[in-house]
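Novice: Have a look at this prediction, sequence included:
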Amino acid sequence: MLSIANISKTFFAGTVNERRALVDLNLELAEGDFVTVIGSNGAGKSTLLNTISGRYPIDAGEIRIDGASVSKLKEFKRARYVGRVFQDPMAGTAPDLTIEQNLALALQRGKRRGLHRGITKARREAFATELESLELGLENRLTAKVGLLSGGQRQALSLLMAGFTQPRILLLDEHTAALDPQRAALVTTLTERIVSEGNLTTLMVTHNMEQAITLGNRLVMMHEGRIVFEANAEEKSKLTVPMLLAEFAKIKGASFDDRALLA
Ligand SMILES: Nc1ncnc2c1ncn2[C@@H]1O[C@H](COP(=O)(O)OP(=O)(O)OP(=O)(O)O)[C@@H](O)[C@H]1O
């Protein structure tokens with residue numbers, strides 16, 4: 001479904017600031033796979049997501065979605081395949097639009113043709129039902145500007161919107177990291193629900209090893225632009241945090257004060 005073959009990405013190539021963010025990386029996702037991605041700081045996790053979304057062009061290799069190469073497609077053209085929720089709660093929603101306007105935009109993006117833009121009574125009711133499931137009281141605030149919401153509320157809304165668009169790939173980039181533990185737990189539960197209800201093929205970057213083990217059916221560990229450890233569904237079901245730490249310790253040069261180890 002998503003095929004990443006021998007991709008490389010170097011920033012500032014040939015200068016003193018050269019950074020090899022991805023090095024000949026390969027990853028295949030089957031339909032419905034939910035892969036958690038962990039790794040040291042600067043391992044290339046965000047860059048991997050950014051190359052899939054088209055934010056950064058790759059230097060070499062190929063990215064295919066459903067067999068078709070998207071390597072040369074611009075970010076806005078890939079947006080119809082790719083849903084994304086970032087660490088920054090401010091990034092996924094439009095602050096000056098109301099909750100219902102944000103939801104309507106997301107819905108429109110999912111069904112590209114033959115959809116009128118208006119917010120009908122029926123649609124407003126459908127939005128309210130969806131929002132009710134978040135248990136954040138947002139169903140009563142459909143006409144409130146999204147900029148007024150808390151970080152956790154915005155993240156929950158971003159996820160709901162990503163689910164609406166039925167993306168071929170959902171990219172989650174530390175999307176619970178900026179939230180307090182209670183809100184992070186809520187957004188984590190919502191993530192599981194939206195991914196499983198939509199059978200969404202998902203890549204989720206996290207620094208939280210417990211979360212990386214609990215969520216999804218596969219896990220990959222990155223270091224210096226490469227995948228250095230992988231666990232399939234069966235292996236993952238037996239994984240523990242100490243086992244992951246042991247894998248991490250095998251990596252030459254990985255530092256023990258890395259955030260990834262402390263999460
Ligand atoms: N836009 C950019 N310009 C220059 N260098 C970049 C850019 N984005 C990433 N890099 C570099 O590429 C490497 C990989 O960075 P990336 O952000 O992908 O790592 P990460 O695994 O997501 O790290 P973290 O866990 O710290 O967020 C790093 O050396 C980083 O400095």
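Specialist: Okay, I see it. Numbering: from 1, shown residues only.

Novice: Stretch 178-192 near the ligand anywhere?
Specialist: No: applying C-beta under 6 Å from any ligand atom, one finds stretch 178-192 separated from the ligand by no less than 12.4 Å. Every C-beta, even on glycine, is put in place using the N, C-alpha and C of the backbone.

Novice: Same question for that stretch: list its buried residues.
Specialist: The neighbour-count check on stretch 178-192 (16 or more other C-beta atoms under 10 Å) flags 178, 179, 183, 184, 186, 187, 188, 190, 191 as buried.

Novice: Show me the two of the residues you listed that sit farthest apart.
Specialist: 178 and 190 (15.4 Å; C-beta to C-beta).

Novice: re earlier: among the buried residues of stretch 178-192, which lie within helices?
Specialist: Counting by DSSP state H, these place 183, 184, 186, 187, 188, 190, 191 in helices.

Novice: how about the first one, what does it touch?
Specialist: With contacts defined as C-beta atoms under 8 Å, 6 or more residues apart in numbering, the neighbours of residue 183 are 150, 151, 152, 155, 176.

Novice: How about the third one: what's its closest non-neighbour residue?
Specialist: Spatial nearest neighbour of residue 152, chain neighbours left out: residue 183 (3.1 Å); criterion: C-beta to C-beta, 6 or more residues apart in numbering.

Novice: next one: the last one
Specialist: Nearest residue to residue 176, sequence neighbours excluded (C-beta to C-beta, 6+ apart): residue 184, at 4.1 Å.

Novice: next one: residue 27
Specialist: Per C-beta to C-beta, 6+ apart, closest to residue 27 is residue 4, 4.4 Å.

Novice: which residues does that neighbour contact?
Specialist: With contact set as C-beta under 8 Å, 6+ apart, residue 4 has these partners: 25, 26, 27, 28, 48, 52, 61, 62, 63.

Novice: The third one: what secondary structure?
Specialist: Reducing the assignment to helix, strand or coil with DSSP: H, G, I helix; E, B strand; the rest coil, the entry for residue 27 is strand.

Novice: do you know how far it is from residue 188?
Specialist: 23 Å (C-beta to C-beta, to the nearest Å).

Novice: quick one, phi/psi of residue 218?
Specialist: Dihedral pair for residue 218: phi -140, psi 160, per degrees, to the nearest 10.

Novice: How about it, nearest residue that isn't a chain neighbour?
Specialist: Using C-beta to C-beta, 6+ apart, the nearest residue to residue 218 is residue 35, at 4.5 Å.

Novice: wouldn't the one you found be in contact with residue 205 here?
Specialist: No: counting by C-beta atoms under 8 Å, residue 35 stays clear of residue 205, with 9.9 Å between them.

Novice: what are the phi and psi values for the nearest residue to residue 146 once chain neighbours are set aside?
Specialist: Closest residue in space to residue 146, ignoring its immediate chain neighbours: residue 93 at 4.7 Å, by C-beta to C-beta, 6+ apart. Dihedral pair for residue 93: phi -130, psi 160, per degrees, to the nearest 10.

Novice: Which positions in the chain make contact with the ligand?
Specialist: So far as C-beta under 6 Å from any ligand atom goes, the chain lies against the ligand at 11, 19, 21, 39, 41, 42, 43, 44, 45, 46, 47.

Novice: Count residues in the vicinity of the first one, would you?
Specialist: Residue 11 sits with 13 neighbouring residues when counted by other C-beta atoms under 10 Å.

Novice: wait, what's in contact with the nearest residue to it once chain neighbours are set aside?
Specialist: Excluding the flanking residues, the one nearest residue 11 by C-beta to C-beta, 6+ apart is residue 19, at 4.4 Å. Contacts for residue 19 (C-beta under 8 Å, 6+ apart) come out as 10, 11, 12, 42.

Novice: re earlier: between the buried residues of stretch 178-192, which is nearest residue 120?
Specialist: residue 190 (25.5 Å).
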